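Asks: Structure for the following, please:
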Amino acid sequence: MPVLYPLLAVLIWAANTIVSKAAAGVLDPAAISLYRWLLAACVLTPFSVRPLWRQRADVAAQLPRFAVLALLGMVMYQCLAYYAAHSTSATNMGVIGALIPMLGLILNLVVFRKPVGVQAVTGVVVSLLGVLYLLGRGHPATFLDGGVNRGDVLILIGATSYALYNILYRRWALPFGQWLNLYVQVLIAVVFLVPLAFTAQSLAIPRQGIGLVVFAGIASSIVASYLWMLGLKRIGAERTAILMNLMPVFTAAMAAVMLGETVHGYHWIGGGLVLLGVSLAQGIVRLPIGRSGLSTR
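Replies: Take a look at the predicted model:
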């Protein structure tokens, strides 16, 4: 069944959230950030270096755009997740990650002046309420007292950067094919991450960290991306994107089984509101209203 391709991709990405949390006690965030993309570059090079060389002049003309995409999608989004894992739960990371489609709507409205419908705005509000409820552990008023968990803020910043990445990737439509586009971004990400690696307390990979790096570098960075692209080709973008809403569910289940995390009531309520809001914003769930739009103009 073609739907299994993107479903497996979502499962792998959910598992990578567990890997990020597990790596917090084993590897320095700067170290695993570098090794992940360095490994991906090594695996992709035998298949992609010749196409890159043939189109080197055209690729060079697009380097500024490739650099922005690599910075947003691979350096900020992925790297901040490793730092966030030191101070928040995998369950929270999965739920906040589900905000990416909703954050994309906000960025399209505020930055790119793209009108959005009343239903989408309703979805944004519902999602934000869910986030406030989740981050406040069922008591949103605690923001006024103790503030927000640092890890939750980092993963929210990372999710915002990835939402902007998705928008720019679609708007720029770089004409080199998915694999070559991925390969160039991976190479640039490695260059960006080398200076960060010098801030690591240790660049050593202990024995228990080898599997984490391999999973992040191959399964999450390459295999899941390939399965996702197959899903886009076989069942279309809209049906494929819907499956991303399952990631926080998969992440919470894996975190409970593999990490022993307790799923509290505020996870269910806050996560449920986030998923409902995203579903409203994407049109999966529809309100009985007209199609009037809002614009910042």
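Asks: Residue 113: what secondary structure?
Replies: Going by DSSP: H, G, I helix; E, B strand; the rest coil, the secondary structure assigned to residue 113 is coil.
Asks: do residue 199 as well
Replies: Under three-state DSSP, residue 199 comes out as coil.
Asks: same deal with residue 286?
Replies: Applying three-state DSSP: residue 286 is coil.
Asks: element containing the residue nearest to it when sequence neighbours are not counted?
Replies: Nearest residue to residue 286, sequence neighbours excluded (Cβ to Cβ, 6 or more residues apart in numbering): residue 119, at 6.7 Å. C-beta coordinates here come from the backbone N, C-alpha and C atoms, glycine included. In the assignment (DSSP states H and E), residue 119 maps to helix 118-135.
Asks: now the helices for the stretch 1-150 of the chain?
Replies: Remark: helices assigned in the stretch 1-150 of the chain by DSSP state H, counting those that start in this stretch are 4-23, 29-54, 56-61, 63-70, 77-84, 90-97, 100-110, 118-135, 143-146, 150-172.
Asks: Tell me the helices and strands packed up against the fifth one.
Replies: So the one you mean is helix 77-84. Judged by 3 or more Cβ pairs under 8 Å, 6 or more residues apart in numbering; DSSP states H and E, the packing partners of helix 77-84 are helix 4-23, helix 29-54, helix 150-172.
Asks: cutoff 6 Å now
Replies: Applying 3 or more Cβ pairs under 6 Å, 6 or more residues apart in numbering; DSSP states H and E, one finds that helix 77-84 contacts helix 29-54, helix 150-172.
Asks: still on that earlier bit, now do the residue nearest to residue 286: how many residues are near it, please.
Replies: Residues within reach of residue 119, counting by other Cβ atoms under 10 Å, total 21.
Asks: And the contacts of stretch 166-174?
Replies: Applying Cβ atoms under 6 Å, 6 or more residues apart in numbering, the external contacts of stretch 166-174 come out as 62, 65, 104, 107, 181.
Asks: Between the residues you listed, which sits nearest residue 153?
Replies: residue 107 (17.7 Å; Cβ to Cβ).
Asks: Next, count neighbours for the closest one.
Replies: By the criterion of other Cβ under 10 Å, residue 107 has 17 neighbours.
Asks: One more: residue 263?
Replies: For residue 263, the count of nearby residues is 14 (other Cβ under 10 Å).
Asks: SS state for it?
Replies: coil.
Asks: which ones are touching the residue nearest to residue 89 when sequence neighbours are not counted?
Replies: Nearest residue to residue 89 in three dimensions, chain neighbours excluded: residue 261, at 5.4 Å (Cβ to Cβ, 6+ apart). By Cβ under 6 Å, 6+ apart, the contact list for residue 261 reads 89, 91, 255.
Asks: Listing request: residues of the stretch 101-250 of the chain with sub-threshold pLDDT.
Replies: 116, 134-135, 137-148, 232-233, 236-243, 245 (pLDDT under 70).
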